[in-house]
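Engineer: Below: sequence and its predicted model.
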Amino acid sequence: MRILITGAFGQLGSAFSRHLSEDFDIIRTGRSIPHGKNGIILDVLNQIYFKEVIQATEPDLVINLAAMTPVDGCELNPNLAKEINITGVQHLCDSFDGKIIHLSTDYVFDGENGPYSEDDPVCPLSVYGETKLASERILLNHDPNHLVIRGNVIYDDSETTKASFLNWVVNSLKEKQEIQVVNDQVNNPTWTKSMADIIALCIEKDLSGIVHWGDADHLNRYDFAIKIAEKYVLDSKLIKAITTEELNQAAPRPLKSGLKSDKLVQALNVVPPSIDECLNAILERNAE
Ligand SMILES: NC(=O)c1ccc[n+]([C@@H]2O[C@H](COP(=O)([O-])OP(=O)(O)OC[C@H]3O[C@@H](n4cnc5c(N)ncnc54)[C@H](OP(=O)(O)O)[C@@H]3O)[C@@H](O)[C@H]2O)c1
């Protein structure tokens with residue numbers, strides 16, 4: 001099966017390209033191609049070019065990862081966020097007739113009462129959450145046979161993205177820099193490989209609709225940072241707890257959030273991995 005990935009040089013895209021290329025023929029596309037990598041330039045805002053790339057490459061399936069992901073950036077520049085996160089998805093639907101798997105987020109919820117199931121009512125607090133929710137609706141209105149998979153706090157040890165919480169914690173502590181991490185945002189952080197493995201199974205079973213995937217441990221971001229420091233044997237005393245209110249970011253955040261994975265656990269007969277297992281696997285991989 002030939003799979004075209006948009007946003008393929010970001011955090012998830014890099015992991016998907018690495019893990020899915022064992023079983024699938026992967027076409028990597030990106031707004032720009034990082035030095036030394038192979039891929040096709042594809043800006044999802046360019047509708048004409050989008051169609052041409054689809055026609056030229058004839059994928060069987062598209063995994064859509066292209067998005068404006070900085071949550072505060074979206075709040076400060078809502079028009080661009082809407083263009084990339086909503087219009088970009090419309091362009092994809094207009095350009096491609098086959099199955100689409102689209103990544104979305106727990107930020108479609110308000111964080112009053114998480115973790116959330118697929119049937120829980122949505123209520124985004126931020127422009128990022130609003131645009132991702134709109135993108136889900138465009139996709140499933142276009143064809144209910146598409147798949148939306150919602151993730152949260154996706155992490156990896158990856159230099160190819162500005163979005164890696166793990167890299168930020170590790171690099172800051174290595175440089176002996178104090179960091180402030182919120183202790184009132186609860187999620188279930190999810191390793192990119194865990195998400196890649198689930199996507200592969202979703203493709204195999206041809207799942208559709210909305211599904212949630214998050215790893216096993218639900219904890220606040222400060223406790224996650226402490227776990228990272230301990231695993232990487234770095235000075236956890238440099239990590240200072242702060243509340244979301246004190247941090248005063250541009251976009252409001254869902255506080256009691258995270259995703260219940262029960263639907264996929266049952267459908268795919270899988271068990272979400274723990275943070276310990278994932279961090280151990282990342283450290284082993286880095287040591288190879
Ligand atoms: N990270 C998380 O915790 C998380 C959680 C839930 C859902 N998601 C979703 O997962 C998907 C992938 O996110 P990620 O974590 O891999 O973030 P990421 O590293 O920021 O990747 C997003 C990619 O999209 C690209 N992009 C932005 N605008 C584009 C455009 N106009 N045309 C083509 N590509 C464009 C970015 O390229 P540039 O580098 O050039 O900007 C980047 O490579 C997104 O849909 C995100 O909403 C992420």
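Structural biologist: Structure received. Residues are numbered from 1 along each chain as shown.

Engineer: Tell me where the stretch 151-288 of the chain has helices.
Structural biologist: Along the stretch 151-288 of the chain, the stretches classed as helices by DSSP state H, counting those that start in this stretch are 165-174, 192-205, 221-231, 244-247, 262-268, 275-287.

Engineer: just so I know, which of those helices lies nearest residue 105?
Structural biologist: Among these, the nearest to residue 105 by CB to CB is helix 192-205 (12.1 Å). Yep, even glycine has a C-beta here, placed from its N, CA and C like the rest.

Engineer: For the protein, list the residues in contact with the ligand, please.
Structural biologist: Proximity of the chain to the ligand, by CB under 6 Å from any ligand atom, involves residues 6-7, 9-13, 30-32, 43-45, 65-69, 84, 88, 103-105, 132, 151-154, 161, 163.

Engineer: list the buried ones in stretch 164-171?
Structural biologist: 164, 165, 166, 167, 168, 169, 170 (16 or more other CB atoms under 10 Å).

Engineer: Nearest to residue 51, out of the helices of the stretch 151-288 of the chain?
Structural biologist: The minimum distance between residue 51 and the helices of the stretch 151-288 of the chain falls on helix 192-205, with 23.5 Å, by CB to CB.

Engineer: Tell me what angle that closest one forms with helix 275-287.
Structural biologist: Interaxial angle, helix 192-205 versus helix 275-287 (axes from the mean of the first three to the mean of the last three CA atoms, to 10 degrees): 100 degrees.

Engineer: Helix 192-205 packs against which elements?
Structural biologist: In terms of contacts (3 or more CB pairs under 8 Å, 6 or more residues apart in numbering; DSSP states H and E), helix 192-205 is packed against helix 11-20, strand 99-105, strand 147-151, strand 154-155, helix 262-268, helix 275-287.

Engineer: again, only using 10 Å
Structural biologist: Judged by 3 or more CB pairs under 10 Å, 6 or more residues apart in numbering; DSSP states H and E, the packing partners of helix 192-205 are helix 11-20, strand 61-64, strand 99-105, strand 147-151, strand 154-155, helix 262-268, helix 275-287.

Engineer: okay, the ones you listed in JSON lines with mean pLDDT next?
Structural biologist: Shown next, in JSON lines, are the helices and strands packed on helix 192-205 (pLDDT from 0 to 100):
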{"stretch": "helix 11-20", "mean pLDDT": "94"}
{"stretch": "strand 61-64", "mean pLDDT": "98"}
{"stretch": "strand 99-105", "mean pLDDT": "98"}
{"stretch": "strand 147-151", "mean pLDDT": "98"}
{"stretch": "strand 154-155", "mean pLDDT": "94"}
{"stretch": "helix 262-268", "mean pLDDT": "98"}
{"stretch": "helix 275-287", "mean pLDDT": "95"}
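
Engineer: Make CSV from the buried residues of stretch 164-171 and add distance to residue 23 and pLDDT to it.
Structural biologist: CSV is the format used below for the buried residues of stretch 164-171 (distance: CB to CB, whole Å; pLDDT from 0 to 100):
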residue, distance to residue 23, pLDDT
164, 25, 81
165, 28, 91
166, 26, 95
167, 27, 92
168, 31, 93
169, 32, 96
170, 30, 95
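
Engineer: Now distance to residue 180 too, for those, in JSON lines please.
Structural biologist: Formatted as JSON lines, the buried residues of stretch 164-171 follow (distance: CB to CB, whole Å):
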{"residue": "164", "distance to residue 180": "17"}
{"residue": "165", "distance to residue 180": "13"}
{"residue": "166", "distance to residue 180": "17"}
{"residue": "167", "distance to residue 180": "17"}
{"residue": "168", "distance to residue 180": "11"}
{"residue": "169", "distance to residue 180": "11"}
{"residue": "170", "distance to residue 180": "16"}
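
Engineer: what are the pairing partners of the strand or helix carrying residue 5, and which direction each?
Structural biologist: Per DSSP states H and E, residue 5 falls inside strand 2-6. Its sheet considered, strand 2-6 pairs with strand 25-30 (parallel), strand 61-64 (parallel) by DSSP bridges.
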